[in-house]
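Engineer: Got a predicted model here, sequence first, then my questions.
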Amino acid sequence: MSLTTVVRDIRSRQKIKFNPPDRPTAVWTGKDILDGKPIATLTVIFQTTGCRWNNCTMCGYVYDSSRSAPSHDDLIKQFEHALSRCRDEEFVVKIFTSGSFLDDGEIPTATRIEMLSRLGADARVKKVIAETRPEYVTQEKVSECTEALGKRFEVAVGLETSNDMIRKDCINKGFTFADFVSASEFAEKENSTVKAYLLLKPPFISEGDAVKDILQSINDAAKYAGTISVNLCNVQKGTLMDEMFERGDYRPPWLWSAVEILKLGKEANPGTVIMSDPVAAGSKRGPHNCGKCDTDVAEAIRVFSLTQDTGVFQGLSCECMELWKKVVELEGFTFGSVMVK
Ligand code: SF4
Ligand SMILES: [Zn+2]
């Protein structure tokens, strides 16, 4: 049975919540880094028909999609609702759709152009980052976006790993590293920057292999992406990862693994912005250590992401560090069994 069949079977048993079509799935404000300095961010997840691929083993975003395609007016109301949430004098807008902003099936071209033109005319907006799968990134499409926006535009791609085998056999992502490279080249030809999201610890690999994979992926992706964001896996409902977690066959990554990756990754690639937002840190379904040190370690990861200073990790320690080292060393020998919950 293929991973796609398994994922589709799990998806068919879930309920999709109803949200009014003129409201985005989520909006929140936060902080990011721009030209070496912290800046406010407005993140919006538009409610669309969702990802056309919809087959990844860890992804529960499909349950946020709309039951029927929102109209142009609905999408513009979502946009206006999101923009009204930010009171900062200047900020970066991060656009997600639980799929791909550049997919015309989710966001029609006219709607996308209207949104970007409005952001272009808004002097508070310093940069727009939009996430998409690489197959929707063509030179023409990026050019459409940059022309409408008239200011800094960044194409963000959920590359997850530079290893095609892990992306296929652990994540079932449905594209290759070469596809990401092409997307990056198209973006750069249109003077857009590129951000790559990497995924620490998909199902079916040990903690040690996961750390090695992301360190290698940072080195590989840094040639094509000025910013790399390391997503620390959290277990989303209605996914294959969720079923494995409930059976005791999956543990999210340790926060110590993230610290190691950010430290070594930054040292090897000083010119690349490397960041991580440890969502659900400290919870059993999110990245965690022993429970005692999680808050401090997650905070250090957030501070590093805004300062790029690996010195923030220096004072961190906890007795669980030795246990984490043993897990990294030995989990590869357990034939998939989780060593420590
Ligand atoms: S491509 Fe992205 S949105 Fe689509 S299923 Fe995979 S992780 Fe989810
Ligand atoms: Zn600890």
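Structural biologist: Happy to help now that I have it. Ligands and ions are numbered 1, 2, ... in the order given.
Engineer: Which strand residues bridge the residue nearest the centre of the chain?
Structural biologist: By Cα atoms, centre = their mean, the mean C-alpha position of the chain lies nearest to Y197, the distance being 4.8 Å. Going by DSSP bridges, Y197 is paired in beta bridges with S229.
Engineer: T109 contacts E140, correct?
Structural biologist: No - judged on Cβ atoms under 8 Å, T109 makes no contact with E140 at a distance of 10.3 Å. The C-beta positions use only the backbone N, C-alpha and C, and glycine is treated the same way.
Engineer: elements contacting the helix or strand that contains V327?
Structural biologist: For V327, the enclosing helix or strand under DSSP states H and E is helix 320-330. For helix 320-330, the contact count by 3 or more Cβ pairs under 8 Å, 6 or more residues apart in numbering; DSSP states H and E identifies helix 207-221, helix 255-268 as packing neighbours.
Engineer: Which parts of it count as buried, going by neighbours?
Structural biologist: C320, M321, L323, W324, V327, V328 (16 or more other Cβ atoms under 10 Å).
Engineer: from those, which single one is nearest ligand 2?
Structural biologist: Among the buried residues of helix 320-330, C320 lies closest to ligand 2 (Cβ to the ion), at 3.3 Å.
Engineer: quick one: contacts for that closest one?
Structural biologist: Residues near C320 by Cβ atoms under 8 Å, 6 or more residues apart in numbering: W256, N289, C290, K292, C293.
Engineer: can you tell me which two in those are farthest apart?
Structural biologist: Maximum pairwise distance in the contacts of C320, criterion Cβ to Cβ, is 12.8 Å, between W256 and K292.
Engineer: Those two - which one has more neighbours?
Structural biologist: W256 (25 against 11; other Cβ atoms under 10 Å).
Engineer: Spatially nearest residue to the more buried one (excluding sequence neighbours)?
Structural biologist: Leaving aside its chain neighbours, W256 sits nearest to W324 (4.3 Å; criterion: Cβ to Cβ, 6 or more residues apart in numbering).
Engineer: out of the buried residues of helix 320-330, what pair is the most spread apart?
Structural biologist: Once Cβ to Cβ is applied, those give C320 and V328 as the farthest pair, at 12.4 Å.
Engineer: For the closest residue to D122 other than its chain neighbours, list the residues it contacts.
Structural biologist: Spatially, and ignoring its direct neighbours in sequence, D122 is nearest to L83 (7.6 Å; Cβ to Cβ, 6+ apart). Going by Cβ under 8 Å, 6+ apart, L83 touches L42, R118, D122.
Engineer: Does the second one touch A82 like I think?
Structural biologist: Looking back up the chat, that one is R118. No - between R118 and A82 there is no contact under Cβ under 8 Å: 11.2 Å.
Engineer: mind listing the helices for the stretch 151-300 of the chain?
Structural biologist: With helices called from DSSP state H, counting those that start in this stretch, the stretch 151-300 of the chain shows them at 164-166, 177-189, 207-221, 240-246, 255-268, 294-307.
Engineer: helices or strands up against the fifth one?
Structural biologist: So the one you mean is helix 255-268. strand 193-200, helix 207-221, strand 227-232, strand 273-275, helix 294-307, helix 320-330.
Engineer: avg pLDDT for that helix?
Structural biologist: The average pLDDT within helix 255-268 is 98.
Engineer: Can you mark which positions in stretch 306-320 are buried?
Structural biologist: So stretch 306-320, judged by 16+ other Cβ under 10 Å, has buried residues Q308, T310, V312, F313, L316, C318, C320.
Engineer: quick one: it near ligand 2?
Structural biologist: Yes - in terms of Cβ under 5 Å from the ion, part of stretch 306-320 sits within range of ligand 2, namely C318, C320.
Engineer: Any idea how far apart the tips of that stretch sit?
Structural biologist: The straight-line separation of the ends of stretch 306-320 (Cα to Cα, to the nearest Å) is 26 Å.
Engineer: Determine how far that stretch lies from the middle of the whole chain.
Structural biologist: 22 Å (Cα atoms, centre = their mean, to the nearest Å).
Engineer: pLDDT score for whichever residue of the stretch 101-250 of the chain sits closest to ligand 2?
Structural biologist: Residue of the stretch 101-250 of the chain nearest ligand 2, by Cβ to the ion: E207 (14.9 Å). Listed pLDDT for E207 reads 96.
Engineer: I'd like the buried residues of helix 320-330 laid out as CSV, including distance to I218 and pLDDT.
Structural biologist: Putting these into CSV (distance: Cβ to Cβ, whole Å; pLDDT from 0 to 100) gives the following:
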residue, distance to I218, pLDDT
C320, 25, 97
M321, 22, 97
L323, 25, 96
W324, 20, 97
V327, 21, 95
V328, 17, 95
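Engineer: tell me the pLDDT at the closest residue to A281 other than its chain neighbours?
Structural biologist: With sequence-adjacent residues excluded and distances taken as Cβ to Cβ, 6+ apart, A281 is closest to A298, at 3.7 Å. The per-residue pLDDT reported for A298 equals 98.
Engineer: residues in contact with A298?
Structural biologist: Neighbours of A298 in contact, by Cβ under 8 Å, 6+ apart: L255, P278, A281, G282, P287.
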